[in-house]
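*Asks:* just coords:
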């Protein structure tokens, strides 16, 4: 169906991978999970199908996330996954090898960047470009980054929180903290283990965060029944968890996110800082959808904070737009092969 498509933008995230076509929009939005058969080292499932297997596989199958903290943890699996997403979006029969733009976290090293490009080319791309997530998310959120005025963007995904001040199409200063959605899930798992002696899996923790999670305590709490394994008896057990318990569980990680935002603001030139106070900070990424996170950051930093429209899709949209207008965004693109 898209066999004539020659440009693809990919948001290769720790938690989700999104594929964007410049004229069509988002065509794929699936979890970054791959299931592999240990017997013959074959990729059995990718994306949503593989996520269903997380924590539920027999000994011969391993379901894992090949991206850790926004960078490639398992090169071979990432390549297989990229090939799957490219084939799925373009069809196996295609007339061109596509040009691919992939977003990467701000703190990525040149070796890690090279690995992303090599994986994309090995997966069937004609050429691969790499763009920093903060720049891509700003473009995707519709922020005019080429203007001579400061914009602060906070991209909170699954693996990293990337904070950057952008002006005249480039990054003035930025930082990347390896704390984001996955860390919040891990904090919830740890909290439930300590308080209730209950072992729960990643998927349950994520469900808790999405359903009843909040960054600030709520006057009217929501509660949720969670099921797991009792660490003392080893038997299944159900407990009831409330919103304010989740708030308590994730406090330390939220403070780390705020520290990253403050660190960037402290190094921002005064003129740009005054622009940011006027316009506020823009938050993108899946974790930006955590209830009250914008109010929490506003209160902690003293600068208004807004969640972009469709925050989960901003980075993917930005990669597609940047690929379609390569000349306009030359400064922001890291490397080409």
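*Replies:* Sure, I can see it. All values derive from a computational prediction rather than experimental measurement.
*Asks:* where do the helices sit along the chain?
*Replies:* 48-51, 75-90, 110-122, 133-140, 181-196, 202-212, 243-266, 270-279, 293-301, 314-324 (DSSP state H).
*Asks:* most packed of the ones you listed?
*Replies:* Among the helices of the chain, ranked by average contacts under mean count of other Cβ atoms under 10 Å, first place goes to helix 133-140 (a mean of 31). From N, CA and C alone the C-beta is placed, and that goes for glycine too.
*Asks:* next, count neighbours for the residue lying closest to residue 276 once chain neighbours are set aside.
*Replies:* In this structure, residue 276 finds its nearest non-sequential neighbour in residue 152, 4.7 Å apart by Cβ to Cβ, 6 or more residues apart in numbering. Taking other Cβ atoms under 10 Å as the criterion, the count of residues near residue 152 is 30.
*Asks:* quick revisit: can you list the helices of the chain in JSON lines and add mean pLDDT and distance to residue 162?
*Replies:* Formatted as JSON lines, the helices of the chain follow (pLDDT from 0 to 100; distance: least, Cβ to Cβ, whole Å):
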{"stretch": "helix 48-51", "mean pLDDT": "88", "distance to residue 162": "24"}
{"stretch": "helix 75-90", "mean pLDDT": "84", "distance to residue 162": "19"}
{"stretch": "helix 110-122", "mean pLDDT": "86", "distance to residue 162": "14"}
{"stretch": "helix 133-140", "mean pLDDT": "90", "distance to residue 162": "5"}
{"stretch": "helix 181-196", "mean pLDDT": "95", "distance to residue 162": "13"}
{"stretch": "helix 202-212", "mean pLDDT": "93", "distance to residue 162": "20"}
{"stretch": "helix 243-266", "mean pLDDT": "95", "distance to residue 162": "8"}
{"stretch": "helix 270-279", "mean pLDDT": "93", "distance to residue 162": "16"}
{"stretch": "helix 293-301", "mean pLDDT": "95", "distance to residue 162": "14"}
{"stretch": "helix 314-324", "mean pLDDT": "88", "distance to residue 162": "10"}
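*Asks:* what's the closest of the ones you listed to residue 42?
*Replies:* With Cβ to Cβ, the closest approach to residue 42 among these belongs to helix 75-90: 9.3 Å.
*Asks:* residues of stretch 62-75 that come out buried?
*Replies:* Residues 63, 64, 65, 66, 67, 69, 70, 71, 72, 74 are the ones in stretch 62-75 that count as buried (16 or more other Cβ atoms under 10 Å).
*Asks:* sorry, back to before: go ahead and confirm the residue nearest to residue 276 touches residue 162.
*Replies:* No. With contact defined as Cβ atoms under 8 Å, residue 152 does not reach residue 162; the gap is 11.4 Å.
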